[in-house]
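Student: Sequence and predicted structure below; questions after.
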Amino acid sequence: MHDKGNIAKWYFYAFGNCIADKKMDLKNAWLSANPQNEFKNIIVLARSTRYNNPHIDYGFLKKYENIVFLGVESEYNLMKNTIPHLN
């Protein structure tokens, strides 16, 4: 169990029932995006120091070439220690 709660539920708390009237029913999709062909061969990685599972070793991603990180610089630097070719 994560001590920060369920990240999906924080969106409901922040925006109330305005998220397509899903009313915190996480059995239904709560987030969607249109496909972007420019990213079809890229792994987009977002991992924060605030909300993460410290038991996951991201070293398995070293075998993949195109990995892009989304986050702040300090989080990027931590992941760069594990995945040296991280962009």
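Tutor: Sure thing, it's come through.
Student: Please, where are all the helices along this structure?
Tutor: 7-15, 73-82 (DSSP state H).
Student: so which of these gets nearest Glu38?
Tutor: Among the helices of the chain, helix 73-82 comes nearest to Glu38, with 20.6 Å by CB to CB. In short, each C-beta sits where N, CA and C put it, glycine included.
Student: helices or strands next to that closest one in the packing?
Tutor: When contacts are defined as 3 or more CB pairs under 8 Å, 6 or more residues apart in numbering; DSSP states H and E, helix 73-82 packs onto strand 67-69.
Student: Sheet-wise, list the partners of the strand it packs on with their directions.
Tutor: Applying DSSP bridges, strand 67-69 is found paired with strand 43-45 (parallel).
Student: Show me the contact partners of the partner strand.
Tutor: 58, 61, 64, 66-70, 79, 86 (CB atoms under 8 Å, 6 or more residues apart in numbering).
Student: Buried residues in it, which are they?
Tutor: Leu45 (16 or more other CB atoms under 10 Å).
Student: Next: stretch 55-68.
Tutor: 58, 67.
Student: Lowest-scoring secondary structure element of the chain by mean pLDDT?
Tutor: helix 7-15 (a mean of 69; mean pLDDT, DSSP states H and E).
Student: and stretch 77-87, which residues are buried?
Tutor: Buried, per 16+ other CB under 10 Å, within stretch 77-87: 78-79, 83, 86.
Student: Averaged pLDDT, it. What do you get?
Tutor: The average pLDDT for stretch 77-87 rounds to 94.
Student: which residues sit against that stretch?
Tutor: 45, 47, 49, 57-59, 61-62, 65-69, 71, 76.
Student: mind checking how far Arg47 is from Lys27?
Tutor: 26 Å (CB to CB, to the nearest Å).
Student: These two - which one has more neighbours?
Tutor: Arg47 (18 against 6; other CB atoms under 10 Å).
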